[in-house]
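Peer 1: Below are the sequence and a predicted model for it; my questions follow.
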Amino acid sequence: MGTFYVTIELGDEQGANWRTLDALVDIGASTTSVPASVLRGLEVRAVSTERFRFAQGEVRELPVGYTWVRFAGKELMTQVIFNEEGTSPLLGAMALEAAYMAVDPVGQRLIPVEGLLM
């Protein structure tokens, strides 16, 4: 369900170290996911392991942690899946909602959702 890529920055839990990535905006994914090596490079800790069902119906247990993310002029802490190597980073719906952003798949951009601010 990915529609387009946006440039995001991921930060460690203290917000001291950052890395810039292109992430697929995926409104079909609730949680942001990033290759595990990127998160380990930022010294992001896995705090638990959770089960996730993927679009193809596959269920996998993957480590989960928390990281800072910057995109579209917003900065927030979000849950992140330590995904397998070779997978594209995904910006999930929970991060989009927390930043009060919606997806414009035709214009291939993120747009502020003023109604969510009320």
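Peer 2: Now that the structure is in, tell me what you want to look at. Values in this document were obtained by computation on a predicted structure and should not be read as measured data.
Peer 1: Packing partners of the strand or helix carrying Thr7?
Peer 2: Taking DSSP states H and E as the definition, one finds Thr7 inside strand 2-11. In this structure, strand 2-11 packs against strand 18-26, strand 59-71, strand 90-91, with contacts taken as 3 or more C-beta pairs under 8 Å, 6 or more residues apart in numbering; DSSP states H and E. (C-beta placed from N, C-alpha, C; glycine too.)
Peer 1: Show me what the last one is packed against.
Peer 2: Identification of packing neighbours for strand 90-91 by 3+ C-beta pairs under 8 Å, 6+ apart yields strand 2-11, strand 18-26, strand 32-35.
Peer 1: same check, this time on the longest one
Peer 2: Packed against strand 59-71 by the contact rule (3+ C-beta pairs under 8 Å, 6+ apart) you find strand 2-11, strand 18-26, strand 32-35, helix 36-41, strand 46-53, strand 74-83.
Peer 1: So which of those is the most surrounded?
Peer 2: Scoring these by mean neighbour count under mean count of other C-beta atoms under 10 Å gives strand 32-35 as the most buried, with a mean of 23.
Peer 1: residues in contact with that strand?
Peer 2: 10, 21, 23, 62, 67, 69, 78-87, 89-92, 94-95 (C-beta atoms under 8 Å, 6 or more residues apart in numbering).
Peer 1: For it, what is the distance to the chain centroid?
Peer 2: What separates the centre of strand 32-35 from the centre of its chain is 6 Å, taken as C-alpha atoms, centre = their mean, to the nearest Å.
Peer 1: average model confidence for it?
Peer 2: The average pLDDT for strand 32-35 rounds to 96.
Peer 1: Same question for stretch 73-80.
Peer 2: Mean per-residue pLDDT for stretch 73-80: 94.
Peer 1: same deal with stretch 109-118?
Peer 2: 73.
Peer 1: List the beta-bridge partners for Thr7.
Peer 2: Bridge pairing for Thr7 (DSSP bridges) gives the partners Asp22.
Peer 1: again, but for the one 4 residues further on
Peer 2: According to DSSP bridges, the partner residues bridging Gly11 are Trp18, Trp68.
Peer 1: Spit out the contact partners of it.
Peer 2: Contacts of Gly11 (C-beta under 8 Å, 6+ apart): 17-19, 42, 67-70.
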